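>>> got a predicted structure here, sequence first:
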Amino acid sequence: MRKTRIVLAIVSAYFILVFFAHLPDHLILFPTKAPIETGGAVRKMLPFQNGELEVWTAVSQRAQQRGGPDIYVLRFYGNADRADRWVANEVEEWNDRAVEIWGMNYPGFGGSTGPARLARIGPAALTAFDALKRHAVERPIVLYGASLGATAALHVATHRSVAGLILHNPPPLRQIILRQFGWWNLWLLAGPIALQIPRDLDSISNAKAIYRPGIFLVADKDEVVAPRFHQLVVNAYAGEKRVISLRDAYHNTPIEDTGLADFYEALDWLLPKTTH
């Protein structure tokens, strides 16, 4: 009888831990709230669910000179990163294009209202896109997602019309959890966690449904998302694509030198010269 109680207690603890403790959120998302130097980026707050969604924007010098951008970029960052850190710096990295970037902080990150939940990322990304679309009117919008941000970009592209996508080290979350982390726990932990990844963030199924052109930036020494997992998303992507291998690059290595030159060449394909 005592052994039965112990077994039942273990099983109960397992089910509570796996299904009610928001494990995927705690294992994948690492939100921060501390102030960050923004470099002059402008803050926008959008109504979202029962709170607000924080977006940071910046306009390139070329866009300022021309009285407005030719292209808008909706930017999604990694699972421990923030838009306020990068937007102002990145806006001048578009090979002298007239660009305006909107970078979204996930719910629970920066000034965005929490809690931080994977299930809130897809709806938040659509909210940010719809606000940008109202602002951009008919001008093209490109989605740019890095790491976890690629899952948000793929989700938006399956529900909204976009000019194209740029995906940097895209992770297929379910496949990573099952194939990379399942063996040591006999999939007793990895299986239920993978099933809790929101369908919104299923990179493989979303990639199969997208027919807009896309640029893939893939670090060939990625220590966080193994390149074989990037390739699953690349192979699934239904649209025309350009794949740029970032040689000797790790997950967070900046794009520079040959990789940057290749990226600029791919931008000319994705965003023809007529949009300069």
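On my side now, so go ahead.
>>> quick one, helices of the stretch 1-150 of the chain?
2-20, 23-28, 61-66, 83-90, 118-136, 148-159 (DSSP state H, counting those that start in this stretch).
>>> so which of the ones you listed is nearest A219?
With Cβ to Cβ, the closest approach to A219 among the helices of the stretch 1-150 of the chain belongs to helix 148-159: 12.6 Å. All C-beta spots, glycine's among them, are computed from the backbone N, C-alpha and C.
>>> now the closest one: buried residues?
Buried residues in helix 148-159, defined by neighbour count with 16 or more other Cβ atoms under 10 Å: L148, G149, A150, T151, A152, A153, L154, H155, V156, A157.
>>> and the second one, what is it in contact with?
Meaning G149. R75, F76, Y77, G78, H168 (Cβ atoms under 8 Å, 6 or more residues apart in numbering).
>>> how close does P172 get to N89?
Note on P172: its distance to N89, by Cβ to Cβ, to the nearest Å, is 29 Å.
>>> settle it for me: which of the two has more neighbours?
The neighbour comparison of P172 against N89 (other Cβ atoms under 10 Å) goes to P172, with 27 against 14.
>>> ok, that one touching Q231?
No: the pair P172 / Q231 is not scored as a contact, 9.7 Å apart, by Cβ atoms under 8 Å.
>>> A238 should be in a helix, yeah?
No: using DSSP: H, G, I helix; E, B strand; the rest coil, the assignment for A238 is coil, not a helix.
>>> OK, contacts around it?
Contacts here follow Cβ under 8 Å, 6+ apart; on that basis A238 touches A207, K208, A209, I210, Y211.
>>> now H251, nearest residue through space, not along the chain?
V224 (3.9 Å; Cβ to Cβ, 6 or more residues apart in numbering).
>>> mind checking the SS state of the one you found?
V224 ends up coil, using three-state DSSP.
>>> what about it, neighbour count?
15.
>>> okay, T258: pLDDT?
Note for T258: predicted pLDDT of 92.
>>> which SS class is it?
helix.
>>> going forward, count from 741.
In the new numbering, first residue 741, that becomes T998.
>>> list the contacts of it.
R987.
>>> mind checking which of the helices of the stretch 741-890 of the chain is nearest V958?
helix 888-899 (10.9 Å).
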